[in-house]
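Undergrad: fold the following for me, if possible:
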Amino acid sequence: MHMVKVDLPTPENPRAPAHYWEKAEKGEAVFHQFSTDHEEFEDGPGNYPAAIIEWPDGQLESVHVNFLRFVDPTTV
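TA: Model (predicted):
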């Protein structure tokens, strides 16, 4: 089991690439696996890497990989 810290995106411009977004820590979750997701644009879909995570309450979420930080298990 891998723990990750998840940062909540706070974009001023939602269309800006994810690496330009400011981040605020949202909490820790369990990492399950990498995946892909997409967003629809005027000229077609844009795919991006995502991670499937599980929150402490059991809820699953797909998160852009730029918002994850893997945590050393000895510090959890």
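
Undergrad: report the buried residues of stretch 48-64.
TA: Ala50, Ala51, Ile52, Ile53, Val63, His64 (16 or more other CB atoms under 10 Å). From N, CA and C alone the C-beta is placed, and that goes for glycine too.

Undergrad: where does the fourth one land in three-state SS?
TA: What that stands for is Ile53. Put simply, Ile53 is strand when judged by DSSP: H, G, I helix; E, B strand; the rest coil.

Undergrad: in the protein, what helix or strand scores lowest on average pLDDT?
TA: Least confident helix or strand of the chain, by mean pLDDT, DSSP states H and E, is strand 2-10 with a mean of 71.

Undergrad: CA atoms only: put the helix or strand following that one into PDB for me.
TA: Using DSSP states H and E, the helix or strand that follows strand 2-10 in sequence is strand 22-41. Output of strand 22-41 as PDB, limited to C-alpha atoms (Å, rounded to 0.1, in the frame of the first residue of the first chain):
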ATOM      1  CA  GLU A  22      -1.400  26.800  -7.400                       C
ATOM      2  CA  LYS A  23      -1.800  23.900  -5.000                       C
ATOM      3  CA  ALA A  24      -3.100  23.700  -1.500                       C
ATOM      4  CA  GLU A  25      -2.800  20.400   0.500                       C
ATOM      5  CA  LYS A  26      -6.000  18.400   0.600                       C
ATOM      6  CA  GLY A  27      -5.000  15.400   2.600                       C
ATOM      7  CA  GLU A  28      -3.600  11.900   2.500                       C
ATOM      8  CA  ALA A  29      -5.000   9.000   0.500                       C
ATOM      9  CA  VAL A  30      -4.100   5.500  -0.600                       C
ATOM     10  CA  PHE A  31      -2.700   5.200  -4.100                       C
ATOM     11  CA  HIS A  32      -4.100   2.300  -6.200                       C
ATOM     12  CA  GLN A  33      -2.800   2.700  -9.700                       C
ATOM     13  CA  PHE A  34      -2.000   5.100 -12.600                       C
ATOM     14  CA  SER A  35      -4.500   5.700 -15.300                       C
ATOM     15  CA  THR A  36      -5.500   8.200 -17.900                       C
ATOM     16  CA  ASP A  37      -8.300  10.800 -18.100                       C
ATOM     17  CA  HIS A  38      -9.400  13.400 -20.600                       C
ATOM     18  CA  GLU A  39     -10.900  16.800 -20.900                       C
ATOM     19  CA  GLU A  40     -12.900  18.000 -23.800                       C
ATOM     20  CA  PHE A  41     -11.700  21.100 -25.700                       C
END
